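K.L.:
quick check, what structure comes out for this input:
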Amino acid sequence: QFTTFLRRIPEVQGYRQAGQDVYGENLQDLYAYWQRYFPIYVESRWQANVVHNYDLSQFEQLIAAGAYADAESGLQQALPLIDLFGDDAKRQQARVLLAQAGKGVQAGQLALEARQAILDADYQAGLAKADQALALYAELGDTRRVAEIELYRQINEEVLDLRAELDRLKGGVAPLDPIKTERLVEIGRRLAELGDQDGSEEVQIALLLLGAGQRALVKWVTVIGLLICGIIIWRRIRGVKRDTSRWGELL
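P.N.:
As a prediction, this is how the structure comes out:
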């Protein structure tokens with residue numbers, strides 16, 4: 001910022017305006033800030049600089065707060081300076097922090113993808129991404145988003161389980177099986193609640209086919225029943241005729 005401030009001075013023809021443009025504060029306020037900060041700087045803060053000892057505590061705080069993307073970006077910018085001026089311990093510390101920040105960024109991205117998978121009805125991928133995100137957050141010891149991701153995982157897993165049960169029922173539901181038919185209705189209702197439109201439509205198709213099968217069965221049962229009734233009536237008529245003939249012979 002200071003080099004930007006120096007370049008800005010001839011552009012605006014004055015250091016006061018340049019300070020306002022670059023720092024967003026007038027020089028009087030900056031001076032007051034410096035007066036408050038200077039005793040702290042003299043006591044210990046002077047050691048925290050890119051040449052003597054690059055201050056990594058800011059990145060530790062960002063990671064602790066869950067601001068992984070900010071920490072990763074800052075560390076990537078700091079590493080060239082640390083490699084140039086720092087010792088082996090500082091370089092190792094910076095790389096450990098960078099790995100943690102990267103892991104946090106990856107976990108956050110996986111959490112977003114698990115949620116998006118639900119919206120895209122890609123439940124198998126959503127379940128896998130939720131598991132990966134939970135594993136990464138567990139490695140980081142970060143539990144802040146666990147409840148949210150567990151919910152994504154639960155939705156993905158439940159939809160997959162209901163779809164698997166639906167596939168089993170579709171192949172083995174007898175036309176007059178009220179228990180399994182009722183279960184199909186329950187599955188369809190739950191899939192609709194979970195936002196699985198495709199699965200809900202599959203249930204509707206299965207119920208339509210089941211209804212058609214029931215109607216066909218009723219039709220054949222009716223036809224067979226009528227045939228049996230006809231045979232019984234015909235046999236009764238023959239029996240009556242036979243009995244009438246016998247009575248005629250006897251008379």
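K.L.:
need the pLDDT of S57.
P.N.:
pLDDT, S57: 87.
K.L.:
repeat that for K103.
P.N.:
On pLDDT, K103 comes in at 96.
K.L.:
what's the next secondary structure element after the helix or strand in which it is found?
P.N.:
Using DSSP states H and E, K103 sits within helix 88-119. Of the helices and strands lying after helix 88-119 in sequence (DSSP H and E), the nearest is helix 123-140.
K.L.:
quick one, that next one and helix 88-119 angle?
P.N.:
Orientation of helix 123-140 against helix 88-119 (axes from the mean of the first three to the mean of the last three CA atoms, to 10 degrees) gives an angle of 150 degrees.
K.L.:
in this structure G102 contacts E72, no?
P.N.:
Yes. The pair formed by G102 and E72 meets the contact definition of CB atoms under 8 Å, at 5.7 Å. In this view, the C-beta of every residue, glycine as well, is placed from N, C-alpha and C.
K.L.:
between those two, which is the more surrounded one?
P.N.:
When G102 and E72 are compared on other CB atoms under 10 Å, the one with more neighbours turns out to be E72, at 23 against 17.
K.L.:
residues in contact with that one?
P.N.:
Applying CB atoms under 8 Å, 6 or more residues apart in numbering, one finds that E72 lies in contact with 98, 101-102, 104-105.
K.L.:
of the residues you listed, closest to A78?
P.N.:
Nearest to A78 among the contacts of E72 is L98, at 9.0 Å by CB to CB.
K.L.:
show me where the stretch 101-250 of the chain has strands.
P.N.:
Assigned by DSSP state E, counting those that start in this stretch, the strands in the stretch 101-250 of the chain number zero.
K.L.:
which residues of it fall in helices?
P.N.:
Chain-ordered helices for the stretch 101-250 of the chain, with DSSP state H, counting those that start in this stretch as the definition, fall at 123-140, 146-172, 178-193, 197-250.
K.L.:
by contact count, what packs against the shortest one?
P.N.:
It stands for helix 178-193. Helix 178-193 is packed against helix 146-172, helix 197-250, with contacts defined by 3 or more CB pairs under 8 Å, 6 or more residues apart in numbering; DSSP states H and E.
K.L.:
that one to helix 146-172, inter-axis angle?
P.N.:
With the same axes, to 10 degrees as the basis, helix 178-193 and helix 146-172 are set at 140 degrees to each other.
K.L.:
now do the buried residues in helix 178-193.
P.N.:
Neighbour counts using 16 or more other CB atoms under 10 Å place 181, 184, 187-188, 190-191 of helix 178-193 among the buried residues.
K.L.:
again, but for stretch 148-157
P.N.:
Residues 149, 152-153, 155-156 are the ones in stretch 148-157 that count as buried (16+ other CB under 10 Å).
K.L.:
quick check: the gap between the residue nearest to D198 when sequence neighbours are not counted and Q132.
P.N.:
With sequence-adjacent residues excluded and distances taken as CB to CB, 6 or more residues apart in numbering, D198 is closest to A121, at 5.7 Å. Computed as CB to CB, to the nearest Å, the A121 to Q132 distance reads 19 Å.
K.L.:
settle it for me: which of those two has more neighbours?
P.N.:
Neighbour comparison, A121 and Q132: the larger count goes to Q132, with 18 against 13 (by other CB under 10 Å).
K.L.:
so the more buried one touches L110, yeah?
P.N.:
Yes. Counting by CB under 8 Å, L110 is a contact partner of Q132 at 5.0 Å.
K.L.:
shared neighbours, these two?
P.N.:
Residues touching both Q132 and L110 (CB under 8 Å, 6+ apart): none.
K.L.:
re the thing from before, what is the nearest of the buried residues of helix 178-193 to Q13?
P.N.:
Relative to Q13, the closest of the buried residues of helix 178-193 is L191; by CB to CB it sits at 69.8 Å.
K.L.:
tell me how far the residue nearest to D198 lies from V146.
P.N.:
Here the criterion is CB to CB. By it, A121 lies 24 Å from V146.
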